[in-house]
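Trainee: Next one to model:
(chains A, B, C and D)
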Protein chains: 2
Amino acid sequence: MSRPTIAGVARAAGVSVASVSRVLNGLPATEEMVERVQRAVSELGYVPDARARSLKVGRTFQLTLAVADVGNPVYVTMMRAVEEVVAAAGYRLVVTTTGPDVVDEVALVRGMARGYADGLLISPLRVDEDLVKSIRECEVPVVVAGNVPAKAGVDTVRANSPKGMLLAVDHLASRGRTRIAFLNGPADTVPGAARAKGFTEALKAYNLEPVAATEAADFTFAAGRSAGRQLLTTSGAERVGFDAVVCANDLLAVGLMHELAAVGLRVPEDVAVVGMDDSELAEQSFPPLTSVNLGSAERGRRAAELLLARIEDNDRTPRRIVVQPSLSIRRSTP
Amino acid sequence: MSRPTIAGVARAAGVSVASVSRVLNGLPATEEMVERVQRAVSELGYVPDARARSLKVGRTFQLTLAVADVGNPVYVTMMRAVEEVVAAAGYRLVVTTTGPDVVDEVALVRGMARGYADGLLISPLRVDEDLVKSIRECEVPVVVAGNVPAKAGVDTVRANSPKGMLLAVDHLASRGRTRIAFLNGPADTVPGAARAKGFTEALKAYNLEPVAATEAADFTFAAGRSAGRQLLTTSGAERVGFDAVVCANDLLAVGLMHELAAVGLRVPEDVAVVGMDDSELAEQSFPPLTSVNLGSAERGRRAAELLLARIEDNDRTPRRIVVQPSLSIRRSTP
DNA sequence: GTCTGGCCTGTAAACGATTACAAGAACGAT
DNA sequence: ATCGTTCTTGTAATCGTTTACAGGCCAGAC
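Mentor: Residues are numbered from 1 along each chain as shown, chains lettered A, B, ... in the order given. All right, here's what the predicted structure looks like:
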């Protein structure tokens, strides 16, 4: 009826619990012992209890990846990369959603303290003192995919947004577009702030005047649509003031393209659109979206490697890795 | 240095471990006791060890949702719904990816046996004897979002694909489309088989001749593109033999639309396209995709509720819920 | 034949919580 | 003053593993 324990197996095999445990963990034992234990195990259908095991050995062999929004396709790219690395190291990956609020993340990190997983990989949208503090105090290793202050002393892997913006603006400028608008996500988020700064710098580097800019309420498709609508109305009804738009991520870009189509503007003929993240959505959208690849897959991979390394040795000095962007040119730009 | 345990808290507060545990779990205690324990707890920054706790109480308060492909947007709809229900019940949801192979799923279910989570919600693409057997033998409650034989005796929540197909064909027929092609996913999967059957029946119900059909290698965008290409070439180069295509899911539909555009066919003027799942992608695609809503959100919700109910009472008789489809009409059909 | 050394194996003590049970304190009633 | 009741607190067993330690056995060497 009830699930067999190691004691039951030991009884059935006529040996001690220690011997069963040893056989199960591949420690040296006589052939006969191995044989008896294995027979008993398969007869009873015994499966070790993960809770008891992890209580004793101090490891759960689970790693947690926390993302803000499962609906954002950039996370699937990252998730795939992370999963590959951690699976190869014998860990199972569990994914949790935090939502956009920093308090949720703090709660997650705090509650994480030894027990649920051996490590945490978190990609926070917003970072504040509390979050940094909770990460530093966290019992289990934490790696941040994103930007936190260097003085926080945590492993981070981040994108190079300014460089990405340069790539985007350079591409548009080389195609003769000079009136480049900007559709950002919330500026009070880490990526939002980085992209705003990067965009301004990039315009300056190419001697271009800012023509229009909006902030979406969050990094979603719906927010992209309403922000796009706003961009179009403020820019003047009869004639739009821009010939290109750089968007803070792919979802926003796709939302914008819907609004452009709604008012009869063609992409890329009338308005060129560049997204960021180069997620699967960029490829799936129509027209396919030129997008700045901020290296989500590589960031995921590197972050997972950092996490594994820190689990091995918690005293290593924190590393701060920056992944360089590239541009995936598709048909939303001329 | 090392993490404080309940014993440390007890020592610091000058009380017994039992008292600490009682205070932490809200059992009756004097005001002074509560106060002393809480001070010690916050001074030491004590957090209970989830492993030890779950070993003792026999629950982890975690539920696992296993999906085949995190890149498929239908799962994000479902995931959101599941997460909402289980969070309300005080559980945390962890998500794992199984991949398309049934062996991975069997391994997951087997390895699940008591320890990792208190319940499993699985949405398998392929079902075989082994999988059914492993589910029945599983120590923890399992709910299947999908179709397994009634005699398996497990809780299931499934979509009504045939009805969904009827909705799609009815809609197309009412718009005057009579030459309806079919772009299916792999027919050896549960949804693939159900949709093939449903499509054939639907054509028959409307007295329509089958004109063309293909099977994609899997339910992904890339597979949709190549299958779409195949559909177009076999159908004759100079003139396509269909004026509408029903696709087995949204990713396939979007892939197809890219291929249609590539050969200069307009959607919906030349070819109407209907997807299935009514995922976020349907709304995001261009043109927005008419899609059969198979109730992923409701299926997720109901499945989560079944799982919670079975955790409460493992002896209840298995339920088999069928969620009815509806049609979300968008601009990919006339 | 006895002793040393090396394997195996078994016993028992952890890991960090919860909780049954017992014991002590406080208090009111007789 | 004594007894009984109730409420609070502490002691210790327990969950199912792993693993340090000790004991037993056998073989080989003297």
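Trainee: What number of residues are in the vicinity of the closest residue to DNA strand D within the stretch 101-250 of chain A?
Mentor: Distance from DNA strand D to each residue of the stretch 101-250 of chain A (Cβ to the nearest atom of the strand) is smallest for A:Gly115, at 13.7 Å. Placement of C-beta: from N, CA and C, glycine included. Counted by other Cβ atoms under 10 Å in any protein chain shown, the residues lying close to A:Gly115 total 23.
Trainee: Then A:Asp170?
Mentor: When neighbours are counted by other Cβ under 10 Å, A:Asp170 registers 14.
Trainee: and stretch A:322-334, does that touch chain B?
Mentor: No. Residues of stretch A:322-334 are not located near chain B by Cβ under 8 Å from any Cβ of the partner chain, the shortest gap being 9.9 Å.
Trainee: as a whole number, average confidence for that stretch?
Mentor: Here stretch A:322-334 scores 97 as its mean pLDDT.
Trainee: just stretch A:231-250 next, same as before
Mentor: 82.
Trainee: Ok, stretch A:122-141 next?
Mentor: For stretch A:122-141, the mean confidence score works out to 90.
Trainee: quick check, that stretch touching chain B?
Mentor: Yes. For stretch A:122-141 and chain B, the contact criterion (Cβ under 8 Å from any Cβ) is met by A:Glu137, A:Glu139.
Trainee: Give the buried residues for that stretch.
Mentor: By neighbour count on 16 or more other Cβ atoms under 10 Å in any protein chain shown, the buried set for stretch A:122-141 is A:122-127, A:131-132, A:134-135, A:138-141.
Trainee: and if you look at stretch A:47-64?
Mentor: Buried-residue list, stretch A:47-64, by 16+ other Cβ under 10 Å: A:47-55, A:59-64.
Trainee: ok, back up a step: please report phi then psi for the residue lying closest to the residue of the stretch 101-250 of chain A closest to DNA strand D once chain neighbours are set aside.
Mentor: Nearest residue to A:Gly115 in three dimensions, chain neighbours excluded: B:Ala50, at 3.0 Å (Cβ to Cβ, 6 or more residues apart in numbering or on different chains). Main-chain dihedrals, B:Ala50, degrees, to the nearest 10: phi -60, psi -30.
Trainee: how far away is B:Ala50 from B:Ser21?
Mentor: 14 Å (Cβ to Cβ, to the nearest Å).
Trainee: Among the buried residues of stretch A:47-64, name the ones in helices.
Mentor: Secondary structure defined by DSSP state H assigns A:Ala50, A:Arg51, A:Ala52, A:Arg53, A:Ser54, A:Leu55 of the buried residues of stretch A:47-64 to helices.
Trainee: Would you reformat these as CSV and include pLDDT and distance to DNA strand D?
Mentor: Formatted as CSV, these follow (pLDDT from 0 to 100; distance: Cβ to the nearest atom of the strand, whole Å):
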residue, pLDDT, distance to DNA strand D
A:Ala50, 88, 9
A:Arg51, 90, 7
A:Ala52, 92, 3
A:Arg53, 92, 4
A:Ser54, 91, 9
A:Leu55, 91, 4
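Trainee: Give the single residue among the residues you listed positioned nearest to A:Val148.
Mentor: Nearest to A:Val148 out of these is A:Ser54 (Cβ to Cβ; 28.8 Å).
Trainee: where along chain A do the strands fall?
Mentor: Taking DSSP state E as the test, the strands found in chain A are A:62-67, A:92-97, A:119-122, A:142-145, A:155-159, A:180-184, A:213-215, A:244-247, A:272-276, A:290-293, A:320-323, A:326-328.
Trainee: shaky segments in the stretch 51-200 of chain A?
Mentor: Confidence mapping of the stretch 51-200 of chain A against pLDDT under 70 gives the ranges A:113-114.
Trainee: Get me the contact residues on chain A for DNA strand D.
Mentor: A:3, A:5-7, A:17-18, A:21-22, A:24-25, A:46-49, A:52-53, A:55-57 (Cβ under 7 Å from any atom of the strand).
Trainee: Could you rerun that using 6 Å?
Mentor: Residues of chain A lying close to DNA strand D by Cβ under 6 Å from any atom of the strand are A:5-7, A:17-18, A:21-22, A:24-25, A:48-49, A:52-53, A:55-57.
Trainee: Intersect these with the contacts of chain B.
Mentor: Applying Cβ under 8 Å from any Cβ, the subset of the residues of chain A next to DNA strand D adjacent to chain B comprises A:Pro48, A:Asp49, A:Ala52, A:Arg53, A:Leu55.
Trainee: mind listing what A:Asn293 touches?
Mentor: A:Asp277, A:Asp278, A:Pro325, A:Ser326, A:Leu327, A:Ser328 (Cβ atoms under 8 Å, 6 or more residues apart in numbering or on different chains).
Trainee: ok, and the most crowded of these?
Mentor: Result: A:Asp277 is most packed of the contacts of A:Asn293 (other Cβ under 10 Å), 32 neighbours.
Trainee: re earlier: what about the buried residues of stretch A:122-141, which are in helices?
Mentor: Using DSSP H, the buried residues of stretch A:122-141 in helices are A:Leu131, A:Val132, A:Ser134, A:Ile135.
Trainee: ok, so of the residues you listed, who is nearest chain B?
Mentor: A:Ser134 (10.6 Å; Cβ to the nearest Cβ).
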